[in-house]
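Undergrad: The amino acid sequence is not available; the structure is as follows:
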């Protein structure tokens, strides 16, 4: 059987302060010195010790800088990937052939950088945004070329 519990504030009727001490207390956040980290500024050195203990020294001041350059996400592919998947890419039309030179547009494959792992056995003309030095050397050594978009 449930019992209706009596509310606390009904017991405090007539007590003038409702258990909050002085009459001026319990009006906003004034009695506790502000809300949150208020008062931790220029003249509140006693707060700094507490902040450093719990939040570390990085809490105060500015740190580092913000780069405003656009962030380009590099999604790379190796020469070995082209060699291994050559047949399936050629059948799908992602690699085309012109005069015994195979043309590959890496952006159509979803990549924007060519890396040098693997050996190039065919003449490739590869169009890409980024390429490593060693990958460029390997492609040109096998008779191909790199076109930077």
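TA: Perfect, I can see it now. These numbers come from a predicted model, not from an experiment.

Undergrad: Secondary structure element for residue 136, which one?
TA: With elements taken from DSSP states H and E, the one containing residue 136 is helix 133-141.

Undergrad: How far off centre is that helix?
TA: Between the mean C-alpha location of helix 133-141 and the chain-wide mean there is a distance of 32 Å, by Cα atoms, centre = their mean, to the nearest Å.

Undergrad: For that helix, buried residues please.
TA: 135-136, 138-139 (16 or more other Cβ atoms under 10 Å). In short, each C-beta sits where N, CA and C put it, glycine included.

Undergrad: do stretch 94-101 as well
TA: Buried residues in stretch 94-101 (16+ other Cβ under 10 Å): residue 95.

Undergrad: Can you pull the poorly scored residue ranges out of the chain?
TA: Applying pLDDT under 70 to the chain flags residues 1, 44.

Undergrad: go again using 90 as the cut-off
TA: Applying pLDDT under 90 to the chain flags residues 1-9, 17-64, 66-67, 69-72, 98-100, 149.
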